[in-house]
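Trainee: Any chance you could fold what I've pasted below:
(one chain, ligands or ions: 2)
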Amino acid sequence: MATGPRARLHSTGIMNATTARPNPLHTARRMAALEPSATLAMAARAAALAAAGKDVIDLSVGEPDFATPAHVCRAAEEAIRSGKTKYTPAAGIPALRAAVAADYRRRAGLEVSPAQVVVSNGAKHALHNVFTALLDDGDEVIIPAPFWVSYAELVKLAGGVPVILPTRLEDDFKLAPEALSAALTPATRMLLLCSPSNPTGVVYTPAELRALADVAVAADLAVVADEIYDQLVFDGRENVSFPTLRPGLAERTVVVGGVSKTYSMTGWRIGWTIAPEPLSRAIGNLQSQQTSNPSSISQHAAVAALTGPQDCIGEMLAAFQRRRDLVAGRLARMPGVRLPDIGGAFYAFFDIAPHLAAGRGITTSAAWCEQLLEREQVALVAGSAFGAEGHVRMSFAAADEKLIAGLDRIERFLAG
Ligand code: PMP
Ligand code: GLU
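Mentor: Residues are numbered from 1 along each chain as shown. Ligands and ions are numbered 1, 2, ... in the order given. Model prediction:
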C-alpha cells in the first residue's frame with residue numbers, strides 16, 4: 001500500500017482514484033471522520049431486503065409503529081386547506097413555541113417562556129443546533145456510553161471533541177458522579193445526558209441525576225439533557241426534567257425534546273430546544289441562516305399534538321410496557337444474554353459477549369448482526385455503533401407478532 005502525502009490525498013478523496021488527477025469534488029476534511037447513522041443504515045438495508053421479497057423482521061430503527069393520531073393529521077390537512085403553507089418565523093410559529101412552553105411547564109413544573117423555545121426539524125437537528133451554537137473547536141463534551149449513534153458525530157461536526165465514558169451493565173449503564181469528576185479537564189465544556197436512554201432504556205433516578213448535577217455545577221459545565229423519551233417511562237416511575245433538580249441548573253441546561261416518539265410523528269420532523277433566552281436567540285439566528293423554519297404544516301400538526309387529547313400517549317405507553325415485559329422476559333432467559341432493567345423508551349440493549357467469545361467465528365457485534373440478518377432475516381443494530389461493543393440493540397416499537405417471531409429467530413440463531 002502506498003504511503004506518504006500521495007496516499008493521504010487518495011484517502012481523503014483529494015485525488016480521483018481512477019485517473020490520479022485532482023478530484024474537484026473531494027470532500028472536506030470534516031467529512032473524513034463522519035460515520036453514517038448506523039440505525040438509519042440498518043433500517044435502509046432491511047427495507048431493501050423486504051422490497052426484494054425477503055421475509056425481514058426489522059427491529060433496528062427506533063420508531064413507534066402506531067399511526068400518527070387522527071386529530072393531528074386533521075390539523076395538518078386543515079393547515080394545508082387554509083393556506084398555512086408559507087415560510088414561518090425561523091424559530092417556529094408563536095402558537096407552537098407557546099404550546100411547547102406550556103406543555104413543559106405543566107409536566108416539569110418549571111416556568112419557561114415561548115422565547116426560550118426554538119422549533120427545529122426534529123430533535124436531531126435541535127442537537128446539531130445546540131452543539132454548533134455552543135462549542136468552539138477543541139471543546140470537550142462528555143458522553144456516557146452506550147450513547148445514541150448521532151451524538152459523537154454531531155459533536156465532531158461542530159468542532160467539539162467527544163469524550164466517551166464507558167459505563168457497565170452491572171451499574172445499569174449509569175454514569176457515576178466519580179467517573180464524571182475523573183474525566184474533567186480544563187477543556188471540558190459540556191455533559192450530554194439521555195434519560196430515558198436510547199439505546200439502553202435505562203432511566204436515572206432523580207437522586208442519581210442530582211449527584212451528576214452537583215459535579216456539573218461545580219465544574220461549571222453546560223448540560224444537554226436529551227429528554228425525547230420523557231413520557232415513555234414504565235412501571236409508574238418518576239421522570240423528572242434535569243433543570244428542575246436543583247436551583248441554578250436551568251441557567252446551564254438545554255432540554256431537547258420533540259413529537260417524534262411521544263406522538264408517533266417521526267416523519268413530520270418536529271423537535272425543539274428549551275434554553276435560556278440568549279442561547280435560544282443564537283440558535284434561532286443559526287437556524288434562520290441554515291434551514292429557515294421547519295415545515296409549516298408539521299408545526300401546525302405539532303400544536304394539535306401538544307394541545308389536543310393526550311390519551312394517545314397512555315395507549316402507546318401501555319403497549320410499549322407490555323412489549324417490554326415480553327422482550328425483556330424472553331431475552332433474559334436466553335443463555336449467554338444479559339440486559340439491564342428497562343425503565344423507559346423502547347429498546348432492549350443486551351450483552352452477547354459470551355457468544356462472541358464462543359469460538360464460532362463471529363467476534364464482533366457488527367458481524368453478529370450481519371449474520372443474524374443473513375441467516376434469520378432479523379435486523380438489529382450492533383452495540384459498537386453506540387460505543388458499546390459486545391452488545392446489540394433491539395427496538396421493541398413493533399407489533400407483538402413481529403417481536404415474537406423476531407425473538408424466536410434470535411433464539412434459534414444463538415443456539416445454532
Ligand atoms: N435523541 C434520541 C435519544 C433519539 O433516540 C432520537 C431518535 N430519533 C433523536 C434524538 C432524534 O429524534 P428526531 O427523530 O426528532 O430527530
Ligand atoms: N432514534 C432512532 C434510533 O435510534 C431513530 C433513528 C435515528 O434517528 O437514529 O433508532
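Trainee: tell me which parts of the stretch 101-250 of the chain are close to ligand 1?
Mentor: With CB under 6 Å from any ligand atom as the criterion, the stretch 101-250 of the chain comes near ligand 1 at residues Gly122, Ala123, Lys124, Trp148, Cys194, Asn198, Asp226, Ile228. Yep, even glycine has a C-beta here, placed from its N, CA and C like the rest.
Trainee: Buried ones from those residues, can you make that a ChimeraX selection?
Mentor: The following ChimeraX line selects those of these that are buried, judged by 16 or more other CB atoms under 10 Å:
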select :122,123,124,148,194,198,226,228
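Trainee: can you list contacts of stretch 316-328?
Mentor: Counting by CB atoms under 8 Å, 6 or more residues apart in numbering, the neighbours of stretch 316-328 from elsewhere in the structure are 64, 66, 201, 231-235, 264, 339, 342, 346, 348, 394, 396-398, 400, 403-404, 407.
Trainee: now swap in stretch 75-95 and tell me
Mentor: Contacts made with stretch 75-95 from outside it, assessed by CB under 8 Å, 6+ apart, are listed as 97, 114, 117-119, 268, 272, 280, 283-284, 287-288, 292-294, 296-301, 303-304, 308.
Trainee: Show me where the chain dips below the pLDDT cut-off.
Mentor: 1-18 (pLDDT under 70).
Trainee: picking that back up, helices - which of the residues of the stretch 101-250 of the chain next to ligand 1 land there?
Mentor: Using DSSP state H to define helices, the subset of these located there is Gly122, Ala123, Lys124.
Trainee: and this protein, which residues reach ligand 2?
Mentor: For the chain, the residues found near ligand 2 under the criterion CB under 6 Å from any ligand atom are Ser37, Thr39, Leu40, Val61, Gly62, Glu63, Lys124, Trp148, Val149, Ser150, Asn198.
Trainee: Now do the contacts for the first one.
Mentor: Ser37 makes contacts with Val149, Ser150, Glu153, as judged by CB under 8 Å, 6+ apart.
Trainee: So for this protein, the centremost residue is which one?
Mentor: Centroid-nearest residue in the chain, with CA atoms, centre = their mean: Trp148, separated by 4.7 Å.
Trainee: picking up where we left off before, list only buried entries from the contacts of stretch 75-95.
Mentor: Among these, those scoring as buried are 97, 114, 117-119, 268, 272, 280, 283-284, 287, 293-294, 296-301, 303-304 (criterion: 16+ other CB under 10 Å).
Trainee: Can you list which of those are found in strands?
Mentor: Val117, Val118, Val119, Trp272 (DSSP state E).
Trainee: Check the spacing between whichever residue of the stretch 51-200 of the chain sits closest to ligand 2 and ligand 1 real quick.
Mentor: Ranked by CB to the nearest ligand atom, the top residue of the stretch 51-200 of the chain for proximity to ligand 2 is Gly62, at 3.3 Å. Plainly put, Gly62 is 6 Å away from ligand 1 if you go by CB to the nearest ligand atom, to the nearest Å.
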